[in-house]
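1. how would this look folded up:
(one chain, ligands or ions: 1)
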Amino acid sequence: MQGCSRRSWQQFLQSSPALSASLKSVHPLPAVYETHDVRYSSDIAVKGVGHLVRKGTGGRSSVSGIVATVFGATGFLGRYVVQQLAKMGSQVLVPFRGSEDSHRHLKLMGDLGQIVPMKYNPRDEDSIKAVMAKANVVLNLIGRDHETRNFSFEEVNHAMAEQLAVIAKEHGGIMRFIQVSCLGASSTSPSKMWRAKAAAEEAILRELPEATIMKPGVMIGTEDRILNKWAHFGKKWSFLPLIGDGSTKIQPVYVVDVAAAIIAALKDDGSSMGKVYELGGPDVFTVHELADLMFDTIREWPRYVKVPFPIAKALASPREFLLNKVPFPLPTPNIFNLDEINSLTVDTVVSENALKFADLGVVPHKLKGYPIEFLTSYRKGGPAFGSTISEKLRSSEF
Ligand SMILES: NC(=O)c1ccc[n+]([C@@H]2O[C@H](COP(=O)([O-])OP(=O)(O)OC[C@H]3O[C@@H](n4cnc5c(N)ncnc54)[C@H](OP(=O)(O)O)[C@@H]3O)[C@@H](O)[C@H]2O)c1
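-> Predicted coordinates for the structure are as follows:
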């Protein structure tokens, strides 16, 4: 057997399981042949905590060794993260607080028993400990862009994240903790939510200096809350309010790329630990340009009503003012979301010296093309009305 490569030795054994079993019983394999193939897709960084049990070739029926508790898995980004985790053979624990339907779509992403929904209460420490007990990875995707009577920005975007970090630290076996923040998060931001996110980043890195922070720009995808919202409004009212004059710069990013960046960080050799990544798409858009792209895709004439910031804020303020004063829940803010309007008063683009997608080996998609094709369902003549954007563009433009 001398001179036989590791791969051919493995292929030989795979081709004859019976022979392999009897050979192993008389002559145990050298350790090097017992280790897994380099193609194996899980390479979670191990810092002082045992080694991972891995099996298979890296597909969804393998065992990657990752047991991830994904807080916020029931949301928009959550489904893409769970899908990519499951695809490489990880077990995913899905804490949910709502109805049994909130995680139904996630179950199909893995083999039987691979996606494990667990009811929890985000205000009950013991229930958080229970959903984290068996995990070696924690991802926090919890966030909300508006306040409700029950939950303030501070509680959802900061206090909960900090609590997860404290519990993960106590746990002792959490090898990787990834927090999803926002590109604009800063202690000086005009947005309350982004200030809360910045406070969460600081608290998490204080508790767990080896945590990784991902700061995506506004995320685009089938279930997004920007292009869908605009398209819906534009179809219903035949115009779109443009907050300010639409000249604020943003750097939207395809949601699947953000999920890919999270997985890339999990699979690296630990080099992303303790780092902050700013995840913006390949192009910077003004709000106006992005809205034009939306109108172009849904094939409606772009009609805008420019709403200066003071007027937009005045229109959005009553909800915030009444929120905790009336004895009933108020509707979710739509276009006139005070905090979102505040966030639009400054440009939100990836800073020059920040770590980016490239540092994780991910090439983000251009938005024009497949990432926004879901908008074709808003076309008056139906999705098949005319050619799709990607058909109009040359493939080199993707
Ligand atoms: N969407 C964007 O454009 C964007 C851009 C940049 C950063 N981010 C950040 O990325 C993360 C994921 O965003 P997303 O768009 O996927 O958010 P999402 O669709 O709104 O989902 C948020 C998740 O957080 C959970 N959550 C919200 N409030 C909670 C509460 N009070 N207690 C417990 N869980 C709560 C939700 O659970 P339920 O299903 O039970 O409500 C849901 O699973 C968030 O941190 C967000 O701030 C988003």
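2. what about the residue nearest to residue 227 when sequence neighbours are not counted, how many neighbours?
-> With Cβ to Cβ, 6 or more residues apart in numbering as the criterion, residue 227 has its nearest non-adjacent residue at 5.1 Å, and that residue is residue 294. Any C-beta I mention is one placed from the backbone N, CA and C, and that applies to glycine too. Residues lying near residue 294 (other Cβ atoms under 10 Å) number 22.
3. need the strands for the stretch 51-200 of the chain, in chain order.
-> Under the criterion DSSP state E, counting those that start in this stretch, the stretch 51-200 of the chain contains strands at 67-71, 91-96, 115-119, 137-140, 176-180.
4. let me see the contact set for the spatially closest residue to residue 281 that is not a sequence neighbour.
-> The spatial neighbour of residue 281 that comes closest, neighbours along the chain excluded (Cβ to Cβ, 6+ apart), is residue 253 at 4.1 Å. If you count contacts by Cβ atoms under 8 Å, 6 or more residues apart in numbering, residue 253 has them with 216, 217, 218, 219, 220, 279, 280, 281, 364.
5. now with 7 Å, please.
-> Counting by Cβ atoms under 7 Å, 6 or more residues apart in numbering, residue 253 touches 216, 217, 219, 220, 279, 280, 281, 364.
6. show me which residues of the protein are close to the ligand?
-> Residues of the chain found near the ligand (Cβ under 6 Å from any ligand atom) are 72, 74-78, 97-98, 102, 122, 141-144, 151, 156, 180, 182, 216, 218-219, 225.
7. just the buried ones among those residues, please.
-> Among those, those that count as buried by neighbour count (16 or more other Cβ atoms under 10 Å) are 72, 74-78, 102, 122, 141-144, 151, 156, 180, 182, 216, 218-219, 225.
8. the stretch 251-398 of the chain: strands as residue ranges?
-> Counting by DSSP E, counting those that start in this stretch, the strands of the stretch 251-398 of the chain are 253-254, 276-279, 285-286, 304-307.
9. can those strands go into CSV with extra columns for mean pLDDT?
-> Listed next are these as CSV, based on pLDDT from 0 to 100:
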stretch, mean pLDDT
strand 253-254, 98
strand 276-279, 98
strand 285-286, 98
strand 304-307, 97
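10. which of those sits closest to residue 131?
-> Nearest to residue 131 among the strands of the stretch 251-398 of the chain is strand 276-279 (25.6 Å), distances taken as Cβ to Cβ.
11. what residues does that closest one touch?
-> By Cβ under 7 Å, 6+ apart, strand 276-279 touches 183, 213-217, 253, 258, 261, 350-351, 354-357, 359-360.
12. and stretch 288-299, by the same measure?
-> Stretch 288-299 is contacted from outside by 227, 230-231, 234, 240, 242, 246-247, 250, 252, 302, 368, 372, 375-376, 378-380, 385-386, 389, using Cβ under 7 Å, 6+ apart.
13. same question, stretch 231-240
-> By Cβ under 7 Å, 6+ apart, stretch 231-240 touches 230, 291, 294, 295, 298, 300, 303, 304, 305, 335, 375, 378.
14. keeping just the C-alphas, turn it into PDB.
-> Taking C-alpha atoms only, stretch 231-240 is exported to PDB below (Å, rounded to 0.1, in the frame of the first residue of the first chain):
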ATOM      1  CA  ALA A 231     -43.500  48.100  -6.300                       C
ATOM      2  CA  HIS A 232     -46.700  47.400  -4.200                       C
ATOM      3  CA  PHE A 233     -47.100  51.100  -3.500                       C
ATOM      4  CA  GLY A 234     -46.300  52.200  -7.100                       C
ATOM      5  CA  LYS A 235     -48.800  49.700  -8.500                       C
ATOM      6  CA  LYS A 236     -51.500  50.700  -6.100                       C
ATOM      7  CA  TRP A 237     -51.200  54.500  -6.200                       C
ATOM      8  CA  SER A 238     -49.400  55.000  -9.600                       C
ATOM      9  CA  PHE A 239     -46.600  57.000  -8.000                       C
ATOM     10  CA  LEU A 240     -43.900  56.500  -5.400                       C
END
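15. just the buried residues of it, please?
-> Neighbour-count burial for stretch 231-240, with 16+ other Cβ under 10 Å as criterion, is recorded at 231, 234, 240.
16. same question, stretch 149-166
-> Residues of stretch 149-166 classed as buried: 151-166 (neighbour count, 16+ other Cβ under 10 Å).
17. now, these that are in helices?
-> In helices, judged by DSSP state H, the following of these are found: 153, 160, 161, 162, 163, 164, 165, 166.
18. in contact with the fourth one, which residues?
-> Under the criterion of Cβ under 7 Å, 6+ apart, the neighbours of residue 162 are 200, 203, 204.
19. and of the residues you listed, the nearest to residue 116?
-> Nearest to residue 116, judged by Cβ to Cβ, of those is residue 204 at 24.4 Å.
20. which stretch of helix or strand covers that closest one?
-> Assessed by DSSP states H and E, residue 204 sits inside helix 192-207.
21. what separates the very next helix or strand once past that helix from the chain centre, distance-wise?
-> Counting by DSSP H and E, the next helix or strand C-terminal to helix 192-207 is strand 212-216. Centroid separation between strand 212-216 and its chain, computed with Cα atoms, centre = their mean, to the nearest Å, is 9 Å.
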